[in-house]
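Asks: make a model of this:
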Amino acid sequence: SNGYEVMGGLAFETNPLLRWRLLGGVGLREFDDSNNDDVLTTLLEGQVQWLPTQRMTVTGNVKREIIDTVSAEDGGRVETVVRGRVDYDIYNNTVLSFSAEYGQADFFGTDREDETIGAKISLDYYLNKNWLFTFAYEHEFRDSTQDLFDTTRNRYLIGAKMQF
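Replies: Okay, the predicted model is just below:
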């Protein structure tokens, strides 16, 4: 297959506390396999960031994209995702975050459609400028038109990152 994407956009601030990023475009996938129809769809990326207090950041994202897969079963999907995130600086080196997302996926060459809902809460501890420790819990639920792909996932995460 061949794929083409064209996007354009802009980033701006309406005031020091509100930042925007908006992109729009079109994507095309042409498949060599006659079983898969060509896909032409709009593409979108958007983000707004609001700083309501000195210690809190609220971020909202929306994204519509073509996700390609290399497999015999399908050629990919068009996925639309809406995310929200709140970061709160508890103390100078500890950040509490909560995020939620909702997504829809339409798969190429099949009538399968997935709907995904997820949420995550995490605590980041910055020991110093080089070390970051993360503790998180994530819950995700996927409802598919094909029951085989329905799933519920709970993840507990503990991480350490050394950066220079």
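
Asks: what does the pLDDT read for D68?
Replies: Model confidence at D68, given as pLDDT, is 80.

Asks: actually, G75.
Replies: 64.

Asks: direction included, what does the helix or strand hosting K63 pair against?
Replies: For K63, the element it lies in under DSSP states H and E is strand 56-68. Strand 56-68 has these partner strands in its sheet, going by DSSP bridges: strand 39-53 (antiparallel), strand 76-91 (antiparallel).

Asks: okay if I get the ones you listed as JSON lines plus distance to F98 and mean neighbour count?
Replies: Heads up, the C-betas are built off the backbone N, CA and C, glycines and all. Output for the strands paired with strand 56-68, formatted as JSON lines (distance: least, CB to CB, whole Å; neighbours: other CB atoms under 10 Å):
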{"stretch": "strand 39-53", "distance to F98": "14", "mean neighbour count": "15"}
{"stretch": "strand 76-91", "distance to F98": "5", "mean neighbour count": "16"}
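
Asks: which SS class is the most far-flung residue of the chain relative to its centre?
Replies: Farthest-out residue of the chain from its mean C-alpha position, per CA atoms, centre = their mean: S34, at 31.1 Å. Three-state call for S34 (DSSP: H, G, I helix; E, B strand; the rest coil): coil.

Asks: so which bits of stretch 141-157 are buried?
Replies: For stretch 141-157, the neighbour count (16 or more other CB atoms under 10 Å) marks 142, 144 as buried.

Asks: just give me how far that stretch sits from the chain centre.
Replies: 16 Å (CA atoms, centre = their mean, to the nearest Å).

Asks: now the spatially most central residue of the chain. Nearest residue, chain neighbours left out?
Replies: Among the residues of the chain, the one closest to the centroid is V81, at 6.0 Å (CA atoms, centre = their mean). Of all residues not flanking V81 in the chain, G103 sits nearest, at 4.1 Å (CB to CB, 6 or more residues apart in numbering).

Asks: residue ranges in this structure under the pLDDT threshold?
Replies: Residue ranges of the chain with pLDDT under 70: 70-75.

Asks: got phi/psi on the residue farthest from the centre of the chain?
Replies: The phi and psi torsions at S34 (degrees, to the nearest 10) take the values phi -70, psi -10.

Asks: now swap in the one 3 residues further on and tell me
Replies: Recorded main-chain torsions at D37 are phi -80, psi 150, according to degrees, to the nearest 10.

Asks: give the contact list for it.
Replies: Applying CB atoms under 8 Å, 6 or more residues apart in numbering, we find D37 in contact with 31, 108-109.
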